[in-house]
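**Student:** could you work out the structure for the sequence below:
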Amino acid sequence: MEISHLVTALHDAGQTVTVVPDMCKTAISDARQMAAFASAIVVACYPRAVRSIFNSLGLKPIQVFDLRNHSSEQILNEMGIDASSMQGSASSMTGIASLASSDFSPIIDDVPLSSDGPEAWYPVIDRERCTACGKCHDFCLFGVYAFREGRVEVTQPQNCKINCPACARACPSKAIIFPKYEKSPINGGLHDEEPLDKTDAKAFYNTALKQRLAERRAKVSLLK
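**Tutor:** Numbers count the residues shown, from 1 in each chain. Alright, predicted model coming up:
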């Protein structure tokens, strides 16, 4: 099923569903809205990534369902909604479990994979893995990170360069997550889909350095 079918099925089950255009973007633009989301069921990308996004705001979601790894039918079944009787579309479902809307009110992220817009691409930190070694801070050329009370924080997410996961490649504990990256472990998935080796990290660093130097030269030219 597509997301639209999942939404229809949840509506048929008596649930109030909110579809978020981009949860990553909302996380850095509307903390109050994210606090409201934390009290609901979240259907989005990998749970490790979603929990890290909420954790960056001091929040903890009630429950997260994996939209990348699981089909909509699996998600419905895990919610206690019988999807086995679906015939072509969610609206034809029968025998749906009776559930109180206040118990679910699911929040669905409609863009689990996208890098559109500068606000939508930035790292989050998995605190369960982070050792506060500071390599991400030292590696980043764009001032995304800062040290606060003995730990690294993402303080300037808007400074991050679109599609640049170089700091995640440099992290020895794989604690840096870019939710919209294509492959694990960088996107927060549990099963590594690509190796993170020193050669790749060095290459990304050199590319980022060249980009930063080019930006500085452009600024100097404008000042002249």
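
**Student:** how about low-confidence regions in this structure?
**Tutor:** 1, 84-105, 111-119, 197-209, 212, 215-216, 219-224 (pLDDT under 70).

**Student:** what is the burial count for residue 135?
**Tutor:** 19 (other Cβ atoms under 10 Å). Bear in mind the C-beta positions are built from the backbone N, C-alpha and C, glycine included.

**Student:** residue 123 reaches residue 154, doesn't it?
**Tutor:** Yes: judged on Cβ atoms under 8 Å, residue 123 makes contact with residue 154 at a distance of 5.8 Å.

**Student:** got the phi and psi for the spatially closest residue to residue 181 that is not a sequence neighbour?
**Tutor:** Distances taken as Cβ to Cβ, 6 or more residues apart in numbering put residue 187 closest to residue 181, at 4.3 Å, once the chain neighbours are dropped. Backbone torsions for residue 187, taken as degrees, to the nearest 10, come to phi -90, psi 0.

**Student:** domain parsing of this structure, as residue ranges.
**Tutor:** 3-109, 118-223 (automatic domain parsing).

**Student:** in the chain, which spans are strands?
**Tutor:** For the chain, applying DSSP state E gives strands covering 18-20, 41-44, 63-66, 107-109, 124-125, 145-148, 151-154, 176-177.

**Student:** and of these, who's closest to residue 27?
**Tutor:** strand 124-125 (8.1 Å; Cβ to Cβ).

**Student:** quick one: contacts of that closest one?
**Tutor:** The contact list for strand 124-125, computed with Cβ atoms under 8 Å, 6 or more residues apart in numbering, reads 49, 52-53, 55-56, 136, 152-154, 175-179.

**Student:** at 7 Å what do you get?
**Tutor:** Applying Cβ atoms under 7 Å, 6 or more residues apart in numbering, the external contacts of strand 124-125 come out as 49, 52-53, 56, 152, 154, 175-177, 179.

**Student:** now those residues as CSV including distance to residue 218 and neighbour count?
**Tutor:** Putting these into CSV (distance: Cβ to Cβ, whole Å; neighbours: other Cβ atoms under 10 Å) gives the following:
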residue, distance to residue 218, neighbour count
49, 34, 27
52, 34, 24
53, 33, 28
56, 31, 20
152, 29, 25
154, 26, 22
175, 33, 23
176, 28, 30
177, 31, 29
179, 30, 28
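
**Student:** could these go into TSV alongside distance to residue 14?
**Tutor:** Below are the contacts of strand 124-125 laid out as TSV (distance: Cβ to Cβ, whole Å):
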residue	distance to residue 14
49	29
52	31
53	28
56	33
152	43
154	38
175	39
176	40
177	34
179	30
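
**Student:** number of residues surrounding the residue nearest to residue 181?
**Tutor:** Residues near residue 187, counting by other Cβ under 10 Å: 22.

**Student:** separation between it and residue 47?
**Tutor:** According to Cβ to Cβ, to the nearest Å, residue 187 and residue 47 sit 12 Å apart.

**Student:** also residue 75?
**Tutor:** 12 Å.

**Student:** counting neighbours, go ahead and name the busier of those two.
**Tutor:** With neighbours defined as other Cβ under 10 Å, residue 75 and residue 47 compare such that residue 75 has more, 23 against 20.

**Student:** ok, and for stretch 51-71, which residues are buried?
**Tutor:** By neighbour count with 16 or more other Cβ atoms under 10 Å, stretch 51-71 contains the buried residues 51-57, 59, 61, 64-68.
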